[in-house]
Every structure is written in structure tokens, then in C-alpha cells.
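Visitor: structural data only, the sequence is not supplied:
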């Protein structure tokens, strides 16, 4: 009952209105993603072990009923960000559940030298827009969530019952077990370096810098490379293990693309991110006591992420992405290791 009350409370707090509001006009579609180490060629069933998300796009999610969008807008207004990046704005709302585990799932005891169990249920309101000359984009987002719900255990146990694997017995040792609210404000600036059409293949290269403030406090820098049949603009490509939200403005991209471009995307991509962390609540804990936490002296502050994948428009209104990722270790010590996982991303566009 505690779990049910907590889940209902966060839904009421964040949505502020029934989801029937999603039937409003100015709907651009939605997306579903599933990150899972089961999809990796090197399935380790540990670290970032699972991520599920559902997103909705369009002006309908900018309603004042959505507390997350109101908070994002107020923060952006303080710095004039929405005014500086006001061309072709795209908005979205994502509901996501993320889970982390140690290597040994069979013991109910705390494991002090391995990363703790952690689960985060979160709502995020995002906005992506271009500068006036459309050479750079800015993505900003605000997240409200709850750490420590029993959803992580339920999700992992259910999957292991279906696909096989050890029954996880240590979820009561998770960060903020029992539930604790949290938040995150994020921003990422991206600029195209090269965009070259070709007779056989197109390619582009862009770089990004960004940061988070909240349950993550970090800065990041990275590059994105695409090769193949490319119709969509550089800023619409945004798959990633901790930023899977992909606002592909097909309508806007089509308007800006030349008539010689192919009708559908079909390209390979490579992404790299370097993240410099000052704080990670999913390892260090937040305000509530947790059975296992890591202090700053046992963390790797510089964490690398590398992703490779393929993105294909399977129809005029549907896009599919399959990705493989590797992430360097967040922790130091005997259980320091890289982690591998895969992701499935499905996006649909209504064009309304």
C-alpha cells in the first residue's frame, strides 16, 4: 500500500491534470524506449540494468498543469534561454523508470564495495529549439522524480521470471529505500561542425556541451557522427542511455531539407560523451539514510560513454533505433568495471 500511495502521489503532483489532456491538438507523436543489458552482446546483468520510458511530444505538454514544464520555463526565463533559442521549439514529456544493481543479486545483505541498488521513477519536461540562424540547438529539461520505490525490484524480478536469471534479493538495500523525492535540471548545447550530402551517402558531425544540476551534478562534452541516408537535422538525433529522449522534428526537418534528400532516414551513428561528476545521488545517496552509499573518494569522477547504432525510418511516420553502449565504471575498488547494454527506441510522428 505504501508503494501504491507513493506512486499515486507523484502522478498527482507531477501531472496536475488527467492524462486525457493528451488528446488536445498540436500533437507531434510519441516515443517508447527500452534499455536493457539483455540486449547487449556482453550481458552482465548489473550496473545500469534496465530503463523504460514513454514520451509524448507537442504543445499539449506545455500546459501549466505540468509542474515540470512550468519549472523548466521559469529557470530558462531567468537566463533568457527560451528567447535566445526560439526557432522551431519542440516540447515533450517523458515518464521513465531507471534501475541500477550490484553484480551479486543473490545475497540479501548489503554489499559495501559494489554499487548499490537504485531505482528512479521520473517525469521530465523537455524543450529543444534552434538559434536564429539554425546552426545550433539547446535542449533544456526539468525532472521531478522519486527514488527508492519498489518498482525496480518488481521490474527486475518479473523480467528474470520470464527470461531467466537470479532472483534479486537485495532491493531493500537500495538508495532511499521507501521513497524520497528528487529533481534534476539539465541543459545541452549542440552545434553542427560538418554536414555533407553525397552521391552514395550523407554524413554529419556535431559536438555538444551540457550539464545537470540535481540528483546528478555534472558537466559533459561529446561528439555525434552519422553516416548514411540522412534527412533529419543534426539536433534531432539524440539516443543515449541516460538521455534517450529523441525529439525528431520530422516536419521541421523536412521543411529545411533540400529536395535532393532521401525521403527516409537510414543511417549508422556513433556517439561519445565524457561526463565529469561532482555528485551522483544514485551512488552517494541523498538525504535519507541508505544501507550502501559511496563517498566521493571511492568514485570515478570522469565517466566515459560510447554508443553505436542504426536508425531507420520504417515508415513515413515511424522510426526505429537499435543501439549498443559501453560505459566506464562509476566506482573504484574491487568491483570497478565497464558496463555494456543495449537499447531499443521506437518513435512515431503524427504531423498534427
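Guide: Structure's in. What do you need? Every value quoted in this text rests on a predicted model; they were computed, and no experiment measured them.
Visitor: in three-state terms, label the residue located most distally from the centre of the chain for me.
Guide: Here the chain has its C-alpha centre computed as a mean, and the residue farthest from that point, by C-alpha atoms, centre = their mean, is residue 199 with 34.1 Å. Under DSSP: H, G, I helix; E, B strand; the rest coil, the three-state class of residue 199 is coil.
Visitor: tell me the spacing between it and residue 234.
Guide: Noted for residue 199: a distance of 20 Å to residue 234, by C-beta to C-beta, to the nearest Å. For the C-beta atoms, the positions are set from N, CA and C on the backbone; glycine is no exception.
Visitor: which parts of stretch 104-118 are buried?
Guide: Within stretch 104-118, the residues scored as buried using 16 or more other C-beta atoms under 10 Å are 105, 111, 114, 115, 116, 117, 118.
Visitor: quick one: which of the residues you listed sit in strands?
Guide: When DSSP state E is applied, the buried residues of stretch 104-118 are split such that residue 118 fall in strands.
Visitor: least confident of the buried residues of stretch 104-118?
Guide: Taking the buried residues of stretch 104-118 together, the minimum pLDDT is found at residue 105 (89).
Visitor: test my guess that residue 131 contacts residue 85.
Guide: Yes: taking C-beta atoms under 8 Å as the definition, residue 131 is a contact partner of residue 85 at 5.5 Å.
Visitor: how about low-confidence regions in this protein?
Guide: For the chain, residues meeting the criterion pLDDT under 70 lie at 1-25, 39-47, 239-263, 351-352.
Visitor: hey, which strand is longest across it?
Guide: Within the chain, and with DSSP E defining each element, the longest strand by residue count is strand 180-196.
Visitor: can you give me every residue that contacts the closest residue to residue 61 other than its chain neighbours?
Guide: Beyond its immediate neighbours in the sequence, the residue positioned closest to residue 61 (C-beta to C-beta, 6 or more residues apart in numbering) is residue 93, lying 4.0 Å away. By C-beta atoms under 8 Å, 6 or more residues apart in numbering, residue 93 lies in contact with 55, 56, 61, 66, 68, 69, 123, 124, 125, 126.
Visitor: whichever strand or helix holds the first one pairs with which strands?
Guide: Counting by DSSP states H and E, the element that carries residue 55 is strand 47-58. Listed by DSSP bridges, the sheet partners of strand 47-58 and their directions read strand 27-36 (antiparallel), strand 87-101 (antiparallel).
Visitor: tilt between the helix or strand following it and strand 87-101?
Guide: Following the chain from strand 47-58 toward its C-terminal end, the next helix or strand by DSSP H and E is helix 67-79. Interaxial angle, helix 67-79 versus strand 87-101 (axes from the mean of the first three to the mean of the last three C-alpha atoms, to 10 degrees): 120 degrees.
Visitor: which strands and helices sit next to helix 67-79?
Guide: The criterion is 3 or more C-beta pairs under 8 Å, 6 or more residues apart in numbering; DSSP states H and E, and the helices and strands that helix 67-79 contacts are helix 2-15, strand 87-101, strand 118-130, strand 136-147, strand 180-196.
Visitor: mind running it again at 7 Å?
Guide: Judged by 3 or more C-beta pairs under 7 Å, 6 or more residues apart in numbering; DSSP states H and E, the packing partners of helix 67-79 are helix 2-15, strand 118-130, strand 136-147.
Visitor: what is the second one packed up against?
Guide: Looking back up the chat, that one is strand 118-130. Packed on strand 118-130, when contacts are counted by 3+ C-beta pairs under 7 Å, 6+ apart, are helix 67-79, strand 87-101, strand 136-147, helix 151-163.
Visitor: could you do the shortest one as well?
Guide: Using 3+ C-beta pairs under 7 Å, 6+ apart as the contact criterion, the secondary-structure elements in contact with strand 136-147 are helix 2-15, helix 67-79, strand 118-130, strand 180-196.
Visitor: among the ones you listed, which is the most enclosed?
Guide: The highest mean neighbour count among the helices and strands packed on strand 136-147 belongs to strand 118-130 (a mean of 24), with neighbours defined as mean count of other C-beta atoms under 10 Å.
Visitor: gap between that strand and the chain center?
Guide: Computed by C-alpha atoms, centre = their mean, to the nearest Å, the separation of strand 118-130 from the middle of its chain amounts to 7 Å.
Visitor: neighbouring strands - and their directions - for it?
Guide: Using DSSP bridges, strand 118-130 pairs in its sheet with strand 87-101 (antiparallel), strand 136-147 (antiparallel).
Visitor: related to what we said a few turns ago, for the buried residues of stretch 104-118, which one is nearest residue 290?
Guide: Within those, proximity to residue 290 (C-beta to C-beta) peaks at residue 116, which comes in at 6.6 Å.
Visitor: the closest one touches residue 173, doesn't it?
Guide: Yes: Residue 116 is within contact range of residue 173, at 6.4 Å (criterion: C-beta atoms under 7 Å).
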